[in-house]
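Asker: Structure for the following, please:
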Amino acid sequence: MVCVDETGWKQAGEQRFLWGAFSEEAAALRVAPSRHREEAEALLGESEAVISSDRWWAYDHLDPARRQVCWSHLLRDFRYHAESPLADQSEFGAACLRIAEGVFDAWREFQASGDRHCLRRRVKPLQSELKALCEQGKRKSPKTRYHRGLARNLIKVWPALWTFTETDSVEPTNNRAERGLRHAVIYRKLSQGSRCERGARATERLLSAAITCRLQRRSLFAYLVEVAQASIRGHPTPGAAARPDLSHHSCACSGSGSGLITSSTSCCAPTRTRLNPAGKITRTSAPGSAALGTSRPSTAGRPRIRAASSGRVPAPAAHGDGRKIERLALRVRLAEVGPVEVSRR
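Answerer: The predicted structure is shown next:
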């Protein structure tokens, strides 16, 4: 299951949106100019994974049979209608609210017992009751004026309401995406977003790396040290296969040793984040784009200054170089991802 959500972002004072896709072990974030369907398609691609999301219209192109609608959002919507001063609207909201509470009770029981047959048996009468309420509420009438839209929308996404009862590892809520974006939201409040396109690209990559490290219970600082070491020594950026628990591509544009995030581009190449047909998060090069990820020019094919002056190939980092690496990694951590780490504590 891949959980998807979006939130507001600022770039040089202009409105942007931060999209995020989160699996159990990886995260991919992307700053986009809108919340429209094309941005969701660019992020998700032709994924065959079950997509968990809210009922935002940008996800309407997804197959309801391969989608899970968030019941936490529905609970909030039902509560809004239940608190209405209008009798018919309040009655509809209160009835739906009882059904939603029953769904969560059945889910908690399933989490304790693991009996999916019991989960289906408990949810089945709730399905029938909600379907009857929606069929009645979708009719055009003065009494259904304010809850008609919700009733019709629920019927439209009906299979996506119950995917969690049939598919393993699918939850009835989108909490994974909400929790994943929380750190990005705190970072946005502290930094006021980004000031340019290059800053947005760097931020989305650093946040992707930070959140993926957290999901895989890996030290973000240790990952940044490995990246800094490779950069200072002129080595290729560390590959994900170097360590069994290494969960990232060698640059801040993210990558995963588990195969959930991969990248065929260097950190200086602009990328697009999306899901491949197998449901895995990938980043691919944006065709015809200029380099945005870093201001450091490529040193491929150039003689290193130390090698030219001494006439010999530089040895591996000595004690002084180790301190330099640590200082550089610490500066990157404090300057770029400090707010994320602070917010987590």
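
Asker: where does the stretch 1-150 of the chain dip in pLDDT?
Answerer: Residue ranges of the stretch 1-150 of the chain with pLDDT under 70: none are present.

Asker: And the helices in it?
Answerer: Assigned by DSSP state H, counting those that start in this stretch, the stretch 1-150 of the chain shows helices spanning 37-44, 71-82, 87-113, 116-137, 148-156.

Asker: Let's have those in TSV, adding distance to W162 and mean neighbour count.
Answerer: Bear in mind the C-beta positions are built from the backbone N, C-alpha and C, glycine included. As requested, the helices of the stretch 1-150 of the chain are exported to TSV (distance: least, CB to CB, whole Å; neighbours: other CB atoms under 10 Å):
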stretch	distance to W162	mean neighbour count
helix 37-44	21	18
helix 71-82	10	18
helix 87-113	9	17
helix 116-137	6	16
helix 148-156	11	17
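
Asker: can you count the residues close to the nearest residue to A65 once chain neighbours are set aside?
Answerer: Leaving aside its chain neighbours, A65 sits nearest to P159 (5.1 Å; criterion: CB to CB, 6 or more residues apart in numbering). Using other CB atoms under 10 Å, P159 has 15 other residues around it.

Asker: where does P159 land on pLDDT?
Answerer: P159 is assigned a predicted lDDT (pLDDT) of 93.

Asker: likewise the one 3 residues further on?
Answerer: Listed pLDDT for W162 reads 93.

Asker: what's the answer for S169, then?
Answerer: For S169, pLDDT reads 87.

Asker: Specify the local secondary structure of it.
Answerer: Recorded secondary structure, S169: coil (DSSP: H, G, I helix; E, B strand; the rest coil).

Asker: circling back: among the helices of the stretch 1-150 of the chain, which comes closest to N175?
Answerer: N175 lies closest to helix 71-82 among the helices of the stretch 1-150 of the chain, at 6.8 Å (CB to CB).

Asker: rewinding a little: mind putting the helices of the stretch 1-150 of the chain in a markdown table, distance to L224 included?
Answerer: Listed next are the helices of the stretch 1-150 of the chain as a markdown table, based on distance: least, CB to CB, whole Å:
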| stretch | distance to L224 |
| --- | --- |
| helix 37-44 | 25 |
| helix 71-82 | 34 |
| helix 87-113 | 36 |
| helix 116-137 | 42 |
| helix 148-156 | 44 |
